[in-house]
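Asker: This is a predicted model, with the sequence first.
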Amino acid sequence: MFDKISNTTPKRILVIDDDHELAFSIKEVLENEDFKVDVAGDGREGIRLQNNLPYDLIITDIVMPQEDGLEVIMWVRANYSTTKLIAISGGGYFDSRDYLIMAKELGASIVFSKPFEVNSLILGVNKLMSNTEIA
């Protein structure tokens with residue numbers, strides 16, 4: 001008779017990556033999981049968007065122009081301590097594992113080396129968004 005009215009709003013995710021194809025692929029996958037997803041092409045744009053209306057989760061690449069992912073992670077930890085973070089990296093000047101170790105030490109809850117399994121990303125996002133402890 002009556003439709004159930006949901007008072008919950010979708011969790012908001014920001015994907016920051018200068019690889020636009022990957023960023024929009026992640027966006028599409030996560031929108032299929034009922035998240036509200038925005039994309040930023042670099043760390044500077046991501047910080048601006050986070051300041052406008054904070055996100056529940058930020059997925060950031062590490063190696064980018066205009067504020068790299070490590071700078072984003074440090075800034076988010078200093079200014080939005082409840083925002084969850086996932087770091088992804090394909091490397092750069094250093095091996096991607098080095099960047100991802102630094103990302104974990106700076107406050108990322110989960111890290112992925114490119115290429116990564118989409119199902120692993122979905123699982124990680126769902127665990128973080130449901131506040132399930134990450135091992």
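Answerer: Everything's here; your move. The shown structure was predicted, so the numbers you read here are calculated from the model rather than taken from an experiment.

Asker: Show residues contacting the helix or strand bottoming out on mean pLDDT in the chain.
Answerer: Here the helix or strand of the chain ranked lowest by mean pLDDT, DSSP states H and E is helix 96-106, holding a mean of 88. Applying CB atoms under 8 Å, 6 or more residues apart in numbering, the contact partners of helix 96-106 are 62-63, 69-70, 73-74, 77, 85, 87, 89-92, 108, 111-114. C-beta here means a position set from N, CA and C on the backbone, and glycine is covered the same way.

Asker: got the end-to-end distance for stretch 87-106?
Answerer: 10 Å (CA to CA, to the nearest Å).

Asker: residues of that stretch that come out buried?
Answerer: 87, 88, 89, 90, 96, 99, 100, 102, 103, 106 (16 or more other CB atoms under 10 Å).

Asker: Output those residues as TSV; include the columns distance to residue 58.
Answerer: Output for the buried residues of stretch 87-106, formatted as TSV (distance: CB to CB, whole Å):
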residue	distance to residue 58
87	9
88	11
89	14
90	18
96	18
99	16
100	15
102	16
103	12
106	13
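
Asker: ok so, going back, need the buried ones from the contacts of helix 96-106 selected in PyMOL.
Answerer: The buried subset of the contacts of helix 96-106, as determined by 16+ other CB under 10 Å, is captured in PyMOL by this line:
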select buried, resi 62+63+69+70+73+85+87+89+90+108+111+112
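
Asker: In strands only, show me the contacts of helix 96-106.
Answerer: Those of the contacts of helix 96-106 mapping onto strands are 85, 87, 89, 111, 112, 113, per DSSP state E.
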